[in-house]
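Participant: Curious how this folds, go ahead:
(one chain, ligands or ions: 1)
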Amino acid sequence: MRQVFNFSAGPATLPEEVLAQAAAEMLDWHGSGQSVMEMSHRGKEYMSIHEQAERDLRELMGIPANYKVLFLQGGATLQFAMVPINLMRGKTADYVHTGEWSKKAIKEARLFGAVNVAASAEDRSFTYVPAQSTWKRSADAAYLHYCANETIGGVEVFQTPDTGGVPLVADVSSTFLSRPIDVSKFGLIYGGAQKNIGPAGLTIVIVRDDLLGHAPKGTPTMLDYKVQADADSMLNTPPTWAIYIAGLVFQWLERQGGLAAIEQRNIEKAKVLYDYLDATQFYRNPVERADRSRMNVPFTLRDPALDEPFLAGAKERRMLQLKGHRSVGGMRASIYNAMPIEGVRALVDYMREFEKRNG
Ligand SMILES: *Cc1c(COP(=O)(O)O)cnc(C)c1O
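Facilitator: Here you go, the predicted model:
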C-alpha cells in the first residue's frame with residue numbers, strides 16, 4: 001500500500017495499480033527482454049503499445065473516426081502557440097479569459113494574430129465563468145478557445161460552449177478523462193498528460209480532420225498538425241515511456257467502469273471537500289458554486305499565519321503538496337481521478353481537527 005496522499009496539481013498522483021504494473025514490467029516487458037524505455041519506437045513491441053494506447057483512448061472518450069489523436073511533446077504550453085499557428089488562417093480568434101491558464105493562452109496567441117477576448121472574469125478576480133450568453137464573439141472567428149478547468153483558480157467550465165459552426169478549442173489539461181465529453185462538439189482538444197493521465201512529457205491533441213493542413217508557409221515541421229497526423233505522431237521519437245504509462249491508465253479507467261463511472265466518483269470526492277468548506281468559517285473557497293472545479297480545490301485559512309503549521313501537520317499525516325499556487329497563496333487540493341476518496345476524507349478529518357485546535 002502507498003504511504004502518502006499526494007495532492008499535487010501536476011505532475012500528480014497516479015493509480016497505484018498502474019505503478020505496480022509498470023514496476024512489474026520494468027525490466028522485461030511481456031517477455032521481450034527489454035524495458036519499454038529501451039525499445040525502438042519503430043519496433044513491433046513499442047508500436048503495439050502505441051497503437052493500443054490510441055485505440056483505448058478512442059474507445060474511452062468515444063472519439064469519432066474523423067478526429068486524429070496526436071501524441072506530442074512540449075506541454076500544453078506549446079499548444080498555446082500551435083493552435084493559433086495552425087488554426088488562425090489570418091482571421092481573428094476568440095478567447096475566453098477565466099484565469100491564469102487562459103491568460104497565458106491569450107498572450108501566446110497574440111504573437112500570431114488578432115485575438116478578441118470574448119469574455120473575462122477579471123471583474124471578480126477569476127472566481128466564476130461568465131455566462132455564455134454574455135460572450136462577445138467575433139463575426140467570423142477562426143475558432144473559440146477556452147480553458148475547461150483553471151487548475152490554479154479552481155474554476156471549471158461544465159457546459160460545453162455552443163459556437164454554431166465556429167471550431168471550439170479547449171485546453172483540458174486538468175480535467176482530461178475526469179468526465180465524459182462529446183468530442184464531436186469540438187474542433188480541437190488538448191492537454192498535458194501530467195495532471196490526470198500519466199507522466200510529464202506527453203501532450204495529447206485530438207483534432208478534427210478538416211482543421212489540418214492550414215498552417216502558413218514557413219511553419220516549423222514539428223509544429224504542423226497535418227505533418228504530425230500524417231506521421232502518426234512518429235515524425236521524430238515520441239515520448240515512448242509516457243505513452244506506455246498513459247496507455248496503462250486508459251486501461252485502468254476502463255476497469256473503473258469508464259468515464260461516466262469515474263465522473264460519479266469525482267463528484268462524490270469533490271462533494272466531501274466542498275461540503276466541509278461550506279460548513280466552516282475557518283477555511284474558504286472563493287469560487288462561485290456552480291463553477292467549482294472537481295479536480296483542483298483552492299482554499300485559504302482564515303489566518304495566513306497558520307498556513308505553515310497547517311502544511312507541516314498535513315505532512316506529518318502523510319498528506320503532501322497542499323500548498324497553493326504561488327500566485328494565489330493558501331492551499332490547493334488536487335483530487336484527480338487517481339486520488340482515492342479515502343485521501344479526501346483524510347484531508348477533511350485533518351482540516352476539522354486543525355480548526356478545532358486553532359479556531
Ligand atoms: C498545467 C497546465 C498547463 C501547462 O501545461 P504544461 O504541460 O506544463 O505546458 C496549461 N493549461 C492548464 C489548464 C494546465 O493545468
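
Participant: From now on I want contacts and neighbour counts done on CA atoms only, so please keep to that.
Facilitator: Will do.

Participant: Where do the strands of the stretch 101-250 of the chain begin and end?
Facilitator: 115-120, 144-147, 149-150, 155-156, 168-171, 188-192, 203-208 (DSSP state E, counting those that start in this stretch).

Participant: Direction included, what does the fifth one pair up with?
Facilitator: Same thing as strand 168-171. strand 144-147 (parallel), strand 188-192 (parallel) (DSSP bridges).

Participant: again, but for the third one
Facilitator: Using DSSP bridges, strand 149-150 pairs in its sheet with strand 155-156 (antiparallel).

Participant: partners of the helix or strand hosting residue 95, with directions?
Facilitator: Using DSSP states H and E, residue 95 sits in strand 93-97. Strand pairing for strand 93-97, determined by DSSP bridges: strand 115-120 (parallel), strand 144-147 (parallel).

Participant: can you put those strands in JSON lines and add mean pLDDT and distance to residue 335?
Facilitator: Below are the strands paired with strand 93-97 laid out as JSON lines (pLDDT from 0 to 100; distance: least, C-alpha to C-alpha, whole Å):
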{"stretch": "strand 115-120", "mean pLDDT": "98", "distance to residue 335": "26"}
{"stretch": "strand 144-147", "mean pLDDT": "98", "distance to residue 335": "18"}
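
Participant: For residue 269, find the nearest of those strands.
Facilitator: With C-alpha to C-alpha, the closest approach to residue 269 among the strands paired with strand 93-97 belongs to strand 144-147: 22.1 Å.

Participant: give the contact list for residue 281.
Facilitator: Residue 281 sits next to residue 302 when contact means C-alpha atoms under 8 Å, 6 or more residues apart in numbering.

Participant: any idea which element it lies in?
Facilitator: In the assignment (DSSP H and E), residue 281 maps to no helix and no strand.

Participant: what about the residue nearest to residue 204 when sequence neighbours are not counted, which SS state?
Facilitator: Nearest non-adjacent residue to residue 204, counting by C-alpha to C-alpha, 6 or more residues apart in numbering: residue 71, 5.0 Å away. With DSSP: H, G, I helix; E, B strand; the rest coil as the basis, residue 71 sits in strand.

Participant: and residue 71, what pLDDT?
Facilitator: You'll see residue 71 listed with a pLDDT of 98.

Participant: which other helices and strands contact the longest helix seen in the chain?
Facilitator: The single longest helix within the chain, with elements called by DSSP state H, is helix 258-279. Counting contacts by 3 or more C-alpha pairs under 8 Å, 6 or more residues apart in numbering; DSSP states H and E, helix 258-279 packs against helix 44-61, strand 283-284, helix 341-358.

Participant: and the angle from the very next helix or strand once past the shortest one to helix 258-279?
Facilitator: Yep, that's strand 283-284 we're talking about. The helix or strand immediately downstream of strand 283-284 is strand 296-301, counting by DSSP H and E. Calculated by axes from the mean of the first three to the mean of the last three C-alpha atoms, to 10 degrees, strand 296-301 forms an angle of 10 degrees with helix 258-279.
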